[in-house]
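[1] Sequence plus predicted model, see below.
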Amino acid sequence: MSLEKSFFLTEAPSAEQVKAPIGERRNPDKYAIFLRSKRQIVLTGTETEEEARAAEKEPIHIEGLPKFMSFHEQRTHMKQKLAAGFRLMALYRYDEGVAGHMTFRDPEYPDLFWVNPLAMYFGHIKASDLVLVDHKGKIVRGNTVVNKAAFMIHGAIHGAREDVICAVHTHSIYGRTFSTFGRELLPISQDACAFYGAHGLYPDFGGVVYTPEEGERLVKALGPTNKALILQNHGLLTTGKTVDEAVWWFLAMERCCQSQILAESAHPNGWKDLKIIDDEVARGVYQNTGDAQAGYMQFQPLFQMITKLQPDCLE
């Protein structure tokens, strides 16, 4: 079975399909995908009338969330996605020495999670390099140590939020720079609206996260539904229902931080001179571009790109 499952539509989705859970949703209109036209043509060249009519009946291919036959298949898929995510972080220079970590909850044992080895360059990480640990950081599978801050932060988040399958935190340059403002992102663009009302601020930087209490405070700042957190004087943290989504939100949030820094620096009065998108419009854009399915789909072109450039990450 292919790791990727696709939806095939030839007509508009029903109300039941639109309301279906993530992974079963079939609502192409949300992403401005148009279905088959009723116009009938025959292309000049070798196409016959019969071939033209057959082509009009061909089902439309729309990317969907994957389905799996076993935990092993799902785990392999998720490890490959996380390894690809590390390669992307290295490609975009969102790594910094031994700082930074990404984790995902094991599909078979949800109280365990996979994380990168300590001091391994993101650009070299393969799926087989990932280490399985419990919420206390004790190694279940693997023979290398992990970053203590990784399981203090991620262990707390995975333990408190069952909906969080993947969490991402690295010391990217614009994220950590924007974090010094001590405020959330403004809805100044369509891309920034993907985080509207869905990210929080953790204002209490207390150094490297080495204590469970610090992890608990981070969880409280993230809240019960937010997908991202700005850690003041530290950087960004994003989460997702899939590895794809969580990695995409980090990449997107980093660019939104860069965009706002540039916009504020271009105005004499900083953020006060920025044109802010209306609340109602921002909420509407968020509903179209900020959910789990949107985050998953946005990651797919990047996954295709990095696995073609660096196919060994899947090993």
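    Received, thanks. Please read all numbers here as calculations on a predicted model, not as lab measurements.
[2] so where is the chain shaky, pLDDT-wise?
    1-34, 206-211 (pLDDT under 70).
[3] longest helix of it?
    helix 243-265 (DSSP state H).
[4] what comes up buried for that helix?
    243-260, 263-264 (16 or more other Cβ atoms under 10 Å). All C-beta spots, glycine's among them, are computed from the backbone N, C-alpha and C.
[5] And residue 61, which helix or strand is it part of?
    Element membership for residue 61 (DSSP states H and E) is strand 60-63.
[6] Also residue 282?
    helix 279-289.
[7] Pull out the CA atoms of that helix and give them to me as PDB.
    C-alpha atoms of helix 279-289 as PDB (Å, rounded to 0.1, in the frame of the first residue of the first chain):
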ATOM      1  CA  ASP A 279     -10.600  40.700  13.000                       C
ATOM      2  CA  GLU A 280     -13.500  39.200  11.100                       C
ATOM      3  CA  VAL A 281     -11.500  38.800   7.900                       C
ATOM      4  CA  ALA A 282      -8.500  37.400   9.800                       C
ATOM      5  CA  ARG A 283     -10.700  34.800  11.400                       C
ATOM      6  CA  GLY A 284     -12.100  33.900   8.100                       C
ATOM      7  CA  VAL A 285      -8.600  33.500   6.600                       C
ATOM      8  CA  TYR A 286      -7.600  31.400   9.600                       C
ATOM      9  CA  GLN A 287     -10.500  29.000   9.000                       C
ATOM     10  CA  ASN A 288      -9.300  28.500   5.400                       C
ATOM     11  CA  THR A 289      -5.600  28.300   5.900                       C
END
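[8] residues in contact with the helix or strand following that helix?
    Next helix or strand after helix 279-289 toward the C-terminus (DSSP H and E): helix 292-309. By Cβ atoms under 8 Å, 6 or more residues apart in numbering, the surrounding residues in contact with helix 292-309 are 22, 25, 31, 63, 65, 81, 84, 87-88, 91, 194, 227, 240-242, 244-249, 251-252, 288, 313-314.
[9] do you know how far residue 146 is from residue 103?
    9 Å (Cβ to Cβ, to the nearest Å).
[10] Now the helix or strand hosting residue 176: buried residues?
    Here residue 176 sits within helix 173-178, counting by DSSP H and E. In terms of neighbour count (16+ other Cβ under 10 Å), helix 173-178 has its buried residues at 174-176, 178.
[11] residues in contact with it?
    Contacts to helix 173-178, defined as Cβ under 8 Å, 6+ apart, come from residues 93-94, 185, 230, 233-236, 253-255, 257-258, 260-261.
[12] strands paired with the helix or strand that comes right after it, and their directions?
    Downstream of helix 173-178, the next assigned helix or strand under DSSP H and E is strand 199-202. Paired strands of strand 199-202, with direction, are strand 228-231 (parallel) (DSSP bridges).
[13] and the residue nearest to residue 129 when sequence neighbours are not counted, what is it in contact with?
    Nearest non-adjacent residue to residue 129, counting by Cβ to Cβ, 6 or more residues apart in numbering: residue 117, 6.0 Å away. Counting by Cβ under 8 Å, 6+ apart, residue 117 makes contact with 125, 129-131, 142, 144-146.
[14] how about the strands in the stretch 101-250 of the chain?
    Along the stretch 101-250 of the chain, counting by DSSP state E, counting those that start in this stretch, strands occupy 101-105, 112-115, 131-134, 139-141, 166-169, 199-202, 228-231, 235-240.
[15] Which residues are in contact with residue 195?
    Here residue 195 is in contact with 185, 227-228, 249, 252-253, 256, 286, 290 (Cβ under 8 Å, 6+ apart).
[16] Residue 51 now?
    For residue 51, no residue meets the contact criterion (Cβ under 8 Å, 6+ apart).
[17] Now with 10 Å, please.
    Residue 51 makes contacts with 42-43, as judged by Cβ atoms under 10 Å, 6 or more residues apart in numbering.
[18] Restricting to C-alpha, output the strand or helix carrying it in CSV.
    Assigned by DSSP H and E, residue 51 belongs to helix 49-56. Output of helix 49-56 as CSV, limited to C-alpha atoms (Å, rounded to 0.1, in the frame of the first residue of the first chain):
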residue,chain,number,x,y,z
GLU,A,49,-13.7,11.7,-29.8
GLU,A,50,-13.8,8.6,-27.7
GLU,A,51,-10.6,9.5,-25.9
ALA,A,52,-11.9,13.0,-25.2
ARG,A,53,-15.1,11.7,-23.7
ALA,A,54,-13.1,9.2,-21.6
ALA,A,55,-10.8,12.0,-20.3
GLU,A,56,-13.8,14.0,-19.1
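[19] Residue 102 - nearest residue in space that isn't next to it in sequence?
    Residue 102's closest residue in space is residue 168 (Cβ to Cβ, 6+ apart), at 4.7 Å.
[20] contacting residues around the one you found?
    82, 85-86, 89, 94, 100-104, 154, 228, 236-240, 243, 245-251, 253.
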